[in-house]
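Engineer: A predicted structure for the sequence below; I have some questions about it.
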Amino acid sequence: MERPSLEFNLPDTHEEGKLYVVDSLNNLNKLNVCADESQRSLDEEENTGGTGESMAGNNTRNQHLLFITFILTLIISLALVSFVIFLIIQTKNEVDQISSRLLSEKKNIEELKKMNNIILKHLNRSGIKE
């Protein structure tokens, strides 16, 4: 099996023409592979003469933006966790209050049952029937 040749046979072209064709193919490949953001970076690099000054500036900006986003995410997460802890504590306090009220009401109901039984016994002894 023959391997397809990666070289292009271009008859009657000068060296500059060959370099232009290869450069054009590389640019086409970069367009197909790179995303919009990275393509803008490549365009800016071509405008600065390939020194990479613009690329370094974008990289630094992206790192700062990523760092700021990370810090904001941490702060928001901390605030949400603090709010949830506050709600848990408030709910626990409310449940404790309700349980103490239920216990006191249970005691009151038991006392009323005792009083009712005493009254019924007294009425039965005195001879008054329902």
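Structural biologist: Nice, I can see it. Residues are numbered from 1 along each chain as shown.

Engineer: now do the helix or strand where Thr91 lies, average pLDDT.
Structural biologist: Using DSSP states H and E, Thr91 sits in helix 53-126. Averaging pLDDT along helix 53-126 gives 92.

Engineer: what helices and strands are in contact with it?
Structural biologist: With contacts defined as 3 or more C-beta pairs under 8 Å, 6 or more residues apart in numbering; DSSP states H and E, helix 53-126 has these neighbours: helix 36-47. C-beta here means a position set from N, CA and C on the backbone, and glycine is covered the same way.

Engineer: from His122, how far off is Leu66?
Structural biologist: Between Leu66 and His122 the distance is 84 Å, computed by C-beta to C-beta, to the nearest Å.

Engineer: next one: Phe67
Structural biologist: As judged by C-beta to C-beta, Phe67 and His122 stand 83 Å apart.

Engineer: now swap in Val81 and tell me
Structural biologist: 62 Å.

Engineer: do Leu87 as well
Structural biologist: For Leu87 relative to His122 (C-beta to C-beta), the value is 52 Å.

Engineer: perfect, I'm done here.
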